[in-house]
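Q: Would you be able to build a 3D model of this:
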Amino acid sequence: MNATGGTPHGPGDDTPDRAQQVTGASGVPAEQSDLPNGPVQPAKKPSVVLGVGGGIAAYKVCDLLRRLTESGHSVRVVPTAAALEFVGAATWAALSGQPVTADPFDNVQEVPHVRIGKGADLVVVAPATANLIAKAAHGLADDLLTNTLLTARCPILFAAAMHTEMWEHPATQANVATLRSRGITVLDPAVGRLTGADTGRGRLPEPSEIFAISQLMLADSAARAAGQSVADLTGKHVLISAGGTREHLDPVRYLGNSSSGKQGYALARIAAARGAKVTLVAANSELPDPAGVQVVPVTSTRDLYDEITGRAADADAIVMAAAPADFRPADVAEHKIKKTEDGAVPAVSLIQNPDILATVSHDRRRSGQVIVGFAAETGDADHSVLDLGRAKLERKGCDLLVVNDVSGGKVFGSDINEAVILDRDGNAMPVPSGSKDALAGVIWNLVATHWH
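A: Modelled structure (predicted):
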């Protein structure tokens with residue numbers, strides 16, 4: 001989306017946190033930029049407008065507000081009148097340290113219906129109800145929040161929350177499409193328990209996920225201001241796998257691996273922040289669903305194979321970040337395998353699982369589709385990690401291969417990653433140690449170059 005996106009750094013950057021810095025007009029971090037004949041100026045706090053819609057999930061937005069203020073943002077809460085029925089103005093004012101009103105005529109001499117939006121670096125609306133989304137899509141301005149949305153010229157993030165039937169209604173879907181076409185990021189609601197006894201898609205995404213995406217959007221805004229190129233994934237559907245598969249030996253035991261799914265989830269989160277439609281096929285991960293992402297849980301490699309190959313034709317990019325098992329037991333015991341008195345160890349016969357990456361790479365069903373694989377390697381006496389990675393790239397047939405050195409227990413379960421990204425032209429791009437979000441941003445930048 002034109003006003004969204006975000007990667008902590010791009011492929012041409014030489015420092016992992018470069019795009020997370022607020023940059024001045026000179027292109028250097030603002031805190032290092034001197035005025036003529038003057039001292040170093042402190043960095044300006046990012047100004048965030050937090051719009052609150054009239055839904056039961058308004059109480060969860062207090063946690064989002066706390067995260068924003070504690071991370072150094074100046075936050076102005078602008079609720080609707082309906083939102084104040086759920087959480088009062090005193091709560092928002094106490095948590096933000098700023099005045100709170102829904103009425104554009106309060107302190108009218110300060111022209112708040114224009115000033116608040118024009119001064120914002122980011123607007124976050126949560127919960128974004130069906131009514132509020134409809135008003136924004138049609139340019140209505142009957143309170144302070146909807147006026148602010150019309151005057152803001154910064155990135156805007158809507159975190160939708162409403163009952164399933166309201167979300168699925170053609171009118172709501174058309175309004176969401178309208179907002180997205182204008183460069184506004186709209187996060188799909190999460191699936192779970194709703195008001196009353198209902199369950200389905202409609203829950204507000206978790207405040208931690210909304211916060212994470214807001215930080216990516218602010219980083220992207222700073223990168224754009226510095227003239228850095230941040231790829232736009234608007235209109236693209238990306239299919240991502242994450243986690244480690246499990247191959248059962250019996251009802252209790254399984255063969256598995258140490259993959260946490262964190263890298264795949266980072267890829268999904270950043271793609272959603274940059275405007276893509278994201279489907280995440282997750283194998284045995286305990287991570288919370290990324291905001292705005294469709295999550296499909298699976299267990300075994302065959303489950304993963306079925307979901308990926310069944311959805312591949314609709315994807316502009318497929319990123320296989322999961323760690324599928326190469327082998328599975330030929331037979332699964334119906335009952336728990338017991339120890340025997342003579343100490344005999346049962347023999348386990350293994351058979352090979354289908355090769356998902358090779359299958360989707362060699363049987364592409366969509367023109368221009370970009371396929372990215374991952375290789376977790378340790379090297380051996382005769383081959384380096386990169387040697388094995390290059391051989392895998394050739395064998396699998398994908399466009400990009402992200403090679404991780406996992407010797408000594410590195411990468412798995414960690415929040416930090418480093419890699420070398422190989423392409424089919426023989427190029428190798430080292431990505432230095434940094435967050436998994438940072439690596440995800442580099443990967444999406446490279447994917448976007450294949451489209452453009």
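Q: switch to C-alpha atoms for all contacts and neighbour counts from now on
A: Will do.
Q: so what's G379 closest to, chain neighbours aside?
A: Distances taken as CA to CA, 6 or more residues apart in numbering place V385 nearest to G379, at 4.5 Å, with adjacent residues excluded.
Q: What are the buried residues along stretch 197-212?
A: Using 16 or more other CA atoms under 10 Å as the test for burial, stretch 197-212 gives R201, G202, R203, L204, P205, E206, P207, E209, I210, F211, A212.
Q: got it, and stretch 356-370?
A: Per 16+ other CA under 10 Å, stretch 356-370 contains these buried residues: I356, L357, A358, T359, V360, S361, Q369, V370.
Q: now the end-to-end length of it.
A: Start-to-end span of stretch 356-370 (CA to CA, to the nearest Å) is 15 Å.
Q: what does stretch 376-388 give?
A: End-to-end distance (CA to CA), stretch 376-388: 10 Å.
Q: Would you mark the buried spots in it?
A: Neighbour-count burial for stretch 376-388 [16+ other CA under 10 Å]: A376, E377, T378, G379, V385, L386, L388.
Q: what's the answer for stretch 253-271, then?
A: With burial defined by 16+ other CA under 10 Å, the residues of stretch 253-271 counted as buried are 254, 256, 259-271.
Q: how far does that stretch sit from the chain's center?
A: Its chain's average C-alpha position is 13 Å from that of stretch 253-271, according to CA atoms, centre = their mean, to the nearest Å.
Q: now do stretch 67-74
A: Distance, stretch centre to chain centre, for stretch 67-74: 20 Å (CA atoms, centre = their mean).
Q: and if you look at stretch 310-328?
A: Offset of stretch 310-328 from its chain centre (CA atoms, centre = their mean): 18 Å.
Q: From one end of that stretch to the other, what's the distance?
A: Using CA to CA, the span of stretch 310-328 from its first residue to its last is 21 Å.
Q: Test my guess that Q173 contacts M166.
A: No: applying CA atoms under 8 Å as the test, Q173 and M166 come out as separate, 9.2 Å apart.
Q: packing partners for whichever helix or strand G373 is part of?
A: Here G373 sits within strand 370-377, counting by DSSP states H and E. Applying 3 or more CA pairs under 8 Å, 6 or more residues apart in numbering; DSSP states H and E, one finds that strand 370-377 contacts strand 317-320, helix 356-362, helix 385-396, strand 400-405.
Q: Pairing partners for that strand, with directions?
A: Strand 370-377 has its sheet partners listed here by DSSP bridges as strand 317-320 (parallel), strand 400-405 (parallel).
Q: least reliable of those going by mean pLDDT?
A: Of all the strands paired with strand 370-377, strand 400-405 carries the lowest average pLDDT, namely a mean of 93.
Q: Okay, now the unreliable bits of this protein?
A: In the predicted model of the chain, residues 1-43, 221-231, 408-413 satisfy pLDDT under 70.
Q: Let's verify the most centrally placed residue in the chain: helix, strand, or coil?
A: Residue closest to the mean C-alpha point of the chain, counted by CA atoms, centre = their mean, is R269 at 0.7 Å. Under DSSP: H, G, I helix; E, B strand; the rest coil, R269 falls in the helix class.
Q: Please enumerate the strands of the stretch 151-300 of the chain.
A: Per DSSP state E, counting those that start in this stretch, the stretch 151-300 of the chain carries strands over the ranges 156-160, 185-187, 190-193, 199-203, 237-243, 247-248, 254-255, 277-283, 294-298.
Q: what would the ones you listed look like in a markdown table with distance to I351?
A: Below are those laid out as a markdown table (distance: least, CA to CA, whole Å):
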| stretch | distance to I351 |
| --- | --- |
| strand 156-160 | 45 |
| strand 185-187 | 41 |
| strand 190-193 | 36 |
| strand 199-203 | 38 |
| strand 237-243 | 21 |
| strand 247-248 | 11 |
| strand 254-255 | 13 |
| strand 277-283 | 20 |
| strand 294-298 | 20 |
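Q: of all those strands, which lies closest to Y59?
A: Y59 lies closest, by CA to CA, to one member of those: strand 199-203, at 12.5 Å.
Q: got the angle between the closest one and strand 156-160?
A: Calculated by axes from the mean of the first three to the mean of the last three CA atoms, to 10 degrees, strand 199-203 forms an angle of 160 degrees with strand 156-160.
Q: So which other helices or strands are in contact with strand 199-203?
A: Counting contacts by 3+ CA pairs under 8 Å, 6+ apart, strand 199-203 packs against helix 164-168, strand 190-193.
Q: Now with 10 Å, please.
A: strand 156-160, helix 164-168, strand 190-193 (3 or more CA pairs under 10 Å, 6 or more residues apart in numbering; DSSP states H and E).
Q: most neighbours per residue, which of the ones you listed?
A: When the helices and strands packed on strand 199-203 are scored by mean count of other CA atoms under 10 Å, the highest mean neighbour count falls to strand 156-160 (a mean of 25).
Q: Can you tell me the strand partners of it and which way each runs?
A: Sheet pairing for strand 156-160, assigned by DSSP bridges, gives strand 122-128 (parallel), strand 185-187 (parallel).
Q: follow-up on the earlier one: contact partners for the residue nearest to G379?
A: Counting by CA atoms under 10 Å, 6 or more residues apart in numbering, V385 touches A375, A376, E377, T378, G379, V403, N404, D405, V406, S407, V420.
Q: which one of the residues you listed is nearest G183?
A: Using CA to CA, the contacts of V385 come closest to G183 at V420, 32.3 Å.
Q: pretty sure K338 is in a helix, no?
A: No: counting by three-state DSSP, K338 falls outside a helix, being coil.
Q: Which among the strands paired with strand 370-377 is found nearest to V442?
A: strand 400-405 (10.7 Å).
Q: Please name every helix or strand in contact with the helix or strand just after the closest one.
A: Counting by DSSP H and E, the next helix or strand C-terminal to strand 400-405 is strand 416-423. On a contact count with 3+ CA pairs under 10 Å, 6+ apart, strand 416-423 meets helix 262-273, strand 370-377, helix 385-396, strand 400-405, strand 428-435, helix 436-451.
Q: Out of those, which is the most enclosed?
A: helix 262-273 (a mean of 28).
Q: Compute the inter-axis angle for that one and strand 277-283.
A: If you take the same axes, to 10 degrees, helix 262-273 sits at 160 degrees to strand 277-283.
Q: got the CA positions of helix 262-273 in PDB?
A: This file holds the C-alpha atoms of helix 262-273, laid out as PDB (Å, rounded to 0.1, in the frame of the first residue of the first chain):
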ATOM      1  CA  LYS A 262       9.000 -17.500  14.300                       C
ATOM      2  CA  GLN A 263      10.500 -16.800  10.900                       C
ATOM      3  CA  GLY A 264       7.400 -17.800   9.000                       C
ATOM      4  CA  TYR A 265       5.200 -15.700  11.300                       C
ATOM      5  CA  ALA A 266       7.600 -12.700  10.800                       C
ATOM      6  CA  LEU A 267       7.200 -13.100   7.100                       C
ATOM      7  CA  ALA A 268       3.400 -13.200   7.400                       C
ATOM      8  CA  ARG A 269       3.300 -10.200   9.700                       C
ATOM      9  CA  ILE A 270       5.500  -8.000   7.500                       C
ATOM     10  CA  ALA A 271       3.600  -9.000   4.300                       C
ATOM     11  CA  ALA A 272       0.300  -8.100   5.900                       C
ATOM     12  CA  ALA A 273       1.700  -4.700   7.000                       C
END
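Q: This completes my enquiry, with thanks.
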